[in-house]
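Chemist: sequence plus the predicted model coming up.
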Amino acid sequence: MGSMYVWIPRYAYAITSNYHNGGNGISGTIKIAFLDGTKTYNIGSEVTYKYQGNSERVKLTNKTGESNWNEHPAFKFGGTILSGIWVAKFEASRSDAGTDKDSMGTSSTIKIQPNVTSWRDENIGDIFTYCQNMNSSSKASIYGISTNKNIIDPHLIKNIEWGAVAYLTQSSYGRNGKEPYINNSSDFITGNSGGSTSASTSSGARYRYTTPNGQKASTTGNVSGIYDMSGGSLEYVACYVNNGDSSLTENANSLLNANSKYKDVYIMGSGNSSSSNYDANRNIYGDAIYETSKSYEDNNGWFYDRARYFNSANPFLMRGGYISYGSNAGIFSFYISSGINATSNSFRPVLTVL
């Protein structure tokens, strides 16, 4: 199929500035220590990180807070420790997608490809199922992968996996504190760059992913990185707050009934409001939400990214922002949804190799 994925290796991290802060002009520093394959690490285990030419041994604490070193939780898949994950390089598209927003195609086969319009207008439950079915008996041969989920296990990207990409992007192994350029294409062209972090919406594709300005829309600042994580479509991630809202069964029954390794489930706060839910989950680390935002609302994420957290009628999250958000789009943006199908909402899969 020619689909394109990027390897995210297992690591530990520490946020050493602007923990739980955000807003205009604010971003933080993240230091990274790559971990040894599938080796078991415990609290107190020592790891080595390198930063600006310096190398230091630090101990894992695995708890929230500035300068605490945490084994990133995205690399535990159920009871299995992973050496890394394969993340779709672009937002998903249909295999027969065209180059304008009205030519998404009709195929039910996911393809990860640049320079076409992304696959949108599906509810989160159907999206979750499409990703799960990538190695079904009818689809696996198309991708050239095994049908055995004990060998390769495709799924909709989880919120914690989005966080793993975001933190590596912010580190010296990614953009080193610089925000990726926005995808501002009103045709939702994958891999597009608007030429800045705040470009206003424009039709077609302004800078394609291989051009100098196009590469600045990737998570590494070059062609090897992941694209469309700022702007483009809002992207569903496999997570929800367990608040009993009817939209959980109406729009995401497949996700609701899935094994816990395929999703992140958040607890409900006392008032089931954005404020109480945000506070109830303050001890979650690695998902690029509480750690990288000042509050649950407005533009209080790092880089002034838009923030809005689960509430009673919106138990799902979307990441990355939208084409028209300008400077409020970004890899640290999070926004709420009832899980419905909408022409503004897309997704990306992850491949777990076991």
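Modeler: Arrived safely.
Chemist: now do the same contact list for the residue nearest the centre of the chain.
Modeler: With distances taken as CA atoms, centre = their mean, residue 162 lies nearest the centre of the chain, 2.5 Å away. With contact taken as CB atoms under 8 Å, 6 or more residues apart in numbering, residue 162 is in contact with 229, 235, 237, 287, 288, 319. Placement of C-beta: from N, CA and C, glycine included.
Chemist: ends of stretch 23-42, what's the gap?
Modeler: 34 Å (CA to CA, to the nearest Å).
Chemist: wait, stretch 299-312
Modeler: One end of stretch 299-312 to the other measures 21 Å (CA to CA).
Chemist: helix or strand for the residue nearest to the centre of the chain, which one?
Modeler: Assessed by DSSP states H and E, residue 162 sits inside helix 159-170.
Chemist: go on, residue 286?
Modeler: Residue 286 belongs to no helix or strand, assigned by DSSP H and E.
Chemist: quick one: low-confidence parts of the chain?
Modeler: For the chain, the stretches with pLDDT under 70 are 1.
Chemist: any idea where the helices of it begin and end?
Modeler: 124-132, 140-143, 159-170, 212-215, 247-256, 274-280 (DSSP state H).
Chemist: which of the ones you listed sits most buried?
Modeler: Greatest average neighbour count among the helices of the chain goes to helix 159-170 (a mean of 27), per mean count of other CB atoms under 10 Å.
Chemist: that one: how far from the chain's middle?
Modeler: Mean-position distance between helix 159-170 and its chain equals 6 Å (CA atoms, centre = their mean, to the nearest Å).
Chemist: on that earlier part again, for residue 171, see how far away the residue nearest to the centre of the chain is.
Modeler: Distance, residue 162 to residue 171, using CB to CB, to the nearest Å: 15 Å.
Chemist: then residue 352?
Modeler: To residue 171, residue 352 is 22 Å away according to CB to CB.
Chemist: list the contacts of residue 258.
Modeler: Going by CB under 8 Å, 6+ apart, residue 258 touches 128, 132, 238.
Chemist: can you pick the most crowded of the contacts of residue 162?
Modeler: residue 229 (30 neighbours; other CB atoms under 10 Å).
Chemist: gap between the closest residue to it other than its chain neighbours and residue 69?
Modeler: Distance criterion CB to CB, 6 or more residues apart in numbering; nearest residue to residue 229, sequence neighbours excluded, is residue 331 at 4.6 Å. For residue 331, the distance to residue 69 (CB to CB) stands at 22 Å.
Chemist: between the two, which is the more surrounded one?
Modeler: Applying other CB under 10 Å to residue 331 and residue 69 shows that residue 331 carries more neighbours, namely 28 against 22.
Chemist: you'd agree that one is up against residue 178?
Modeler: No - judged on CB atoms under 8 Å, residue 331 makes no contact with residue 178 at a distance of 11.1 Å.
Chemist: which residues are in contact with the closest residue to residue 198 other than its chain neighbours?
Modeler: Closest residue in space to residue 198, ignoring its immediate chain neighbours: residue 327 at 3.8 Å, by CB to CB, 6+ apart. By CB under 8 Å, 6+ apart, residue 327 lies in contact with 197, 198, 303, 304.
Chemist: could you redo the last one with a cut-off of 6 Å?
Modeler: Counting by CB atoms under 6 Å, 6 or more residues apart in numbering, residue 327 touches 197, 198, 304.
Chemist: surely the first one touches residue 180?
Modeler: This points to residue 197. No - Residue 197 lies out of contact with residue 180 (CB atoms under 6 Å); the separation is 7.5 Å.
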